[in-house]
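1. prediction below, plus the sequence it came from.
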Amino acid sequence: MRKKQFKTESKKLLDMMINSIYTHKEIFLRELISNASDAIDKLYFRSLTDRSVSLTRSDYAIFLETDKAARTITISDNGCGMTEEEMEINLGTIAKSGSLDFKRELDDHSDVDIIGQFGVGFYSAFMVASRVKVISRPYGSDKACAWESNGADGYTLTDAEKDSFGTTIILYLKEDTEDDNYSEYLEEYTVRELVRKYSDYIRYPIKLEIERSEKIEGEEDKYRTVKSYDTLNSMIPIWKRPASEVTEDEYNEFYKSKYYDFEAPLRVITQKLEGAATFIAMMFIPKHAPYDYYTKEYEKGLELYSSGVMIMERCPELIPDYFSFVKGLVDSSDLTLNISRETLQHDRRLGVMAKAIEKKIKSELEKMMESDRENYESFFDAFGIQLKYGMYTEYGAHKDLLKDLILFRSSAEGKYVSLKEYVSGMKDEQKSIYYASGESIERIAMLPQVESVKKRGYEVLYLTDDVDEFALKLLESYDGKSFTNVTAESLDLSSDEEKEALKSENDSSTDMLEAMKAAIGKVSAVRFTSSLEDHPVCLSSEGELSVEMSKILKRMPGADGVPDASVVLEINMNHPIREKLKELYENNSDALATYAKILYSEACLISGIEIEDPVELARLISELMLK
Ligand code: ADP
């Protein structure tokens, strides 16, 4: 007998399993059946290419047995089996990459999160069993080995006898407690229910051993026990059943167990196509972004099946980046079982499928936006940024596909609007789609320019994500309407008379404005404006690059060459500050420079721009107070 210790991270997870208060402990059966099915898949694959494996599909099965007296459940398969080394590697070490990443946070999270989100495979057995024994014999070998553990003191490996290849797992159930009734897993009824609920679609028969007593013919009152097997699962993959016959619950359970999500999906999308490519697709839009969605580690893709047999776990070519949040699978009878990755990538049909899938997802999202707005908005909260990046990347190649799926918050009560909705609410004389960008909705709503545009009855889109303004710049226009940043210097909503008055005001004050510009030193101009309401000053930008865009670009790596936005300090022509400034200028007062600097700082604060020298600002203000 060889005694071994678990790896540290496995130990942590095991401890958690043993002490689990998880309410869905029943998933252990699903996990073990799924492992058995995977093991059979592996052997089945080998049989396709390796002539020495002389098995046919109908030979394969997963067997379940319960023994009430011994309190055991046994799960057996005739799959590939494991050697001693494989058992040590596979069962002695945690396998799920997701939970591995998560282990750092194990201490602060309840086990519920981890079990629900990742599934824990083989180790879930320890939620219900105090001892687990695995006896395995690889196909083609006559040597079997037994792995045994109580989860706590490591595990042992011993030579064993097994008369056929495959793996047998025996669970010695825990004693019942007030909260947990483990004995129920020994009931035929429960086992049937669990298989139906979680493992119905498994492609191999799951056979439960049934014992019946049978009367012995010709003898009085004599019975014998007869064993037989009942197949519990329909073996039809859920996606091959007519969509109308599959319940919401079934879809949800399938999704949750397959994609390790603790929440049901927001939407299920089924698609069936015949023609240039024939396939069935079953896709899901998750309710929330997976924990690694916005990291480099996240890998998009749909599973690829050929007539019910999985041939690729993740096929990224089937889904565009901007829809990378979609989970699911595609089953096509067009593809042969042993198609290689390389051949597949060049298969024209794959492209046809991808196009059809993209179209379907788009139309489902549109439908959802129209008829299920609340869910669409929560979808957009989770994944909207991905769609906006999709508009922006590849030089806007997909902007037309995506532009109607985008929502922005707006000045209309901070609600979400689509561009289409915005345009349909535009005033007759309104020429542009107005927007303003900033760190938060609250911040943007306070901008003086937003206030004045709103006062004129125009709606303003509030752009808070870094990508927003860049995406709109690439889009250029929507429905013939251009986009205008309300903080752009060129924004002019005034009447001809107002324009005239403003021009003469600016012309007559050129020298004073120049003097202020020189004192500030950081602006390209100082000008009067007539478009502010109560605020004395604001900043606006000249040219293509807005203040926000320049701020964002400067935060990015390699930002050395990013130019500053060309900034103009605008002074409200109708504010009493105008007279004050003129008076200072006429009296040749030094205070004009101080005023200019303070007003500039004020405008920076309002725009959310950091003040370069706050100490200097504080000094100037105090000096002024003492005058
Ligand atoms: P996962 O199934 O996600 O890889 P598990 O912890 O459930 O993680 O299983 C770890 C590994 O043990 C599997 O990847 C597989 O190689 C092996 N394994 C588990 N059960 C079986 C089985 N019934 N037959 C053969 N190998 C198995």
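-> Nice, thanks for sending it over. Numbers count the residues shown, from 1 in each chain.
2. for this structure, what lies in contact range of the ligand?
-> Contacts of the chain with the ligand, taken as CB under 6 Å from any ligand atom, map to 31, 35-36, 39, 77, 79-82, 90-91, 95-96, 121-122, 167. C-beta: built from backbone N, CA, C; applies to glycine.
3. which ones are touching the closest residue to A152 other than its chain neighbours?
-> By the measure of CB to CB, 6 or more residues apart in numbering, the closest residue to A152 outside its immediate chain neighbours is I18, 7.0 Å from it. I18 makes contact with 126-127, 151-152, according to CB atoms under 8 Å, 6 or more residues apart in numbering.
4. and those, which is closest to A445?
-> Set against A445, the nearest of those by CB to CB is M127 (50.4 Å).
5. need the contact list for K272.
-> 279-281.
6. quick one on the thing from earlier: the residues of the chain next to the ligand: which two are farthest apart?
-> The most widely separated members of the residues of the chain next to the ligand, counting by CB to CB, are G81 and K96 (21.5 Å).
7. any weak-confidence spans in this structure?
-> 94-120, 337-338 (pLDDT under 70).
8. how is it carved up into domains?
-> 2-231, 238-371, 389-447+459-477, 496-626 (automatic domain parsing).
9. so which residues of the stretch 401-550 of the chain form strands?
-> Under the criterion DSSP state E, counting those that start in this stretch, the stretch 401-550 of the chain contains strands at 407-410, 416-418, 432-437, 460-463, 477-478, 481-485, 525-529, 537-542.
10. JSON lines please, covering those strands and showing mean neighbour count.
-> Shown next, in JSON lines, are those (neighbours: other CB atoms under 10 Å):
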{"stretch": "strand 407-410", "mean neighbour count": "21"}
{"stretch": "strand 416-418", "mean neighbour count": "19"}
{"stretch": "strand 432-437", "mean neighbour count": "24"}
{"stretch": "strand 460-463", "mean neighbour count": "24"}
{"stretch": "strand 477-478", "mean neighbour count": "16"}
{"stretch": "strand 481-485", "mean neighbour count": "18"}
{"stretch": "strand 525-529", "mean neighbour count": "22"}
{"stretch": "strand 537-542", "mean neighbour count": "23"}
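11. so the residue of the stretch 151-300 of the chain found nearest the ligand is in which element?
-> As assessed by CB to the nearest ligand atom, the ligand sits closest to T167 within the stretch 151-300 of the chain, at 3.8 Å. T167 belongs to strand 166-173 when elements are defined using DSSP states H and E.
12. that strand: partners in the sheet, and parallel or antiparallel?
-> strand 72-77 (antiparallel), strand 129-137 (antiparallel) (DSSP bridges).
13. list the buried ones in that strand?
-> By neighbour count on 16 or more other CB atoms under 10 Å, the buried set for strand 166-173 is 166-173.
14. contacts only, for the nearest residue to S607 once chain neighbours are set aside.
-> Closest residue in space to S607, ignoring its immediate chain neighbours: L539 at 4.8 Å, by CB to CB, 6+ apart. Applying CB under 8 Å, 6+ apart to L539 gives the contacts 487, 547, 567-570, 603-604, 606-607, 609.
15. about what we covered before: wait, doesn't the residue of the stretch 151-300 of the chain closest to the ligand sit right on T83?
-> No - with contact defined as CB atoms under 8 Å, T167 and T83 do not form a contacting pair (11.4 Å).
16. now neighbour count and secondary structure too, for the contacts of L539, in TSV please.
-> What follows is the contacts of L539, written out as TSV (neighbours: other CB atoms under 10 Å; DSSP: H, G, I helix; E, B strand; the rest coil):
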residue	neighbour count	secondary structure
T487	28	coil
V547	23	helix
V567	25	strand
V568	21	strand
L569	25	strand
E570	26	strand
A603	24	helix
C604	20	helix
I606	17	helix
S607	22	helix
I609	17	coil
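17. of the residues you listed, which is the nearest to P242?
-> T487 (55.6 Å).
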